[in-house]
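S.K.: kindly generate the corresponding structure for this input.
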Amino acid sequence: MRGTIVIDEDRCKGCELCTFVCPKHLLGVAETFTPRGYHPARLFDPRGDCTGCLLCAVICPDVAITVYRSIPDKRENFTTQQVTPENPAPIGIKTNVQPPRQTNERTLER
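M.R.: Sure, this is the predicted structure:
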């Protein structure tokens, strides 16, 4: 699976937590400063090795990272759509998932 990320430099404080959890070691710190004086995180992925694993976004305390993944297109025999910030396929957390149904021991005995 192919992915990419977008880092909101206005939110990033340069804590570097994302750089430590990236399994492909694609994240680093920019040499430039933000208007608030921080060195923001930056994606260094010239070969497109990012898998969109979500680890960077999950660990980011400032919620500054948006992850995009390529998704299968069923109309084109499972080829993938091009994923860019202009043509996003964002990955999110499902909020309408129902919790597992609790079973009652009395129900099981009958």
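
S.K.: going forward, measure contacts between C-alpha atoms and count neighbours the same way
M.R.: Will do.

S.K.: what is the end-to-end distance of stretch 6-14?
M.R.: The straight-line separation of the ends of stretch 6-14 (Cα to Cα, to the nearest Å) is 14 Å.

S.K.: in the chain, which helix or strand is least confident?
M.R.: One helix or strand of the chain scores below all others by mean pLDDT, DSSP states H and E: strand 79-80, with a mean of 48.

S.K.: which residues in this protein form strands?
M.R.: Ranges of strands in the chain, per DSSP state E, are 3-7, 27-29, 41-43, 65-69, 72-73, 79-80.

S.K.: need these in JSON lines with distance to residue 18 and mean neighbour count, can you?
M.R.: Putting the strands of the chain into JSON lines (distance: least, Cα to Cα, whole Å; neighbours: other Cα atoms under 10 Å) gives the following:
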{"stretch": "strand 3-7", "distance to residue 18": "11", "mean neighbour count": "20"}
{"stretch": "strand 27-29", "distance to residue 18": "7", "mean neighbour count": "20"}
{"stretch": "strand 41-43", "distance to residue 18": "8", "mean neighbour count": "21"}
{"stretch": "strand 65-69", "distance to residue 18": "9", "mean neighbour count": "23"}
{"stretch": "strand 72-73", "distance to residue 18": "27", "mean neighbour count": "12"}
{"stretch": "strand 79-80", "distance to residue 18": "27", "mean neighbour count": "14"}
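
S.K.: so for residue 14, which of the ones you listed sits nearest?
M.R.: strand 41-43 (5.8 Å; Cα to Cα).

S.K.: who are the packing partners of the closest one?
M.R.: strand 3-7, strand 27-29 (3 or more Cα pairs under 8 Å, 6 or more residues apart in numbering; DSSP states H and E).

S.K.: adding mean pLDDT and distance to residue 39, write the ones you listed out as CSV.
M.R.: What follows is the helices and strands packed on strand 41-43, written out as CSV (pLDDT from 0 to 100; distance: least, Cα to Cα, whole Å):
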stretch, mean pLDDT, distance to residue 39
strand 3-7, 93, 12
strand 27-29, 96, 6
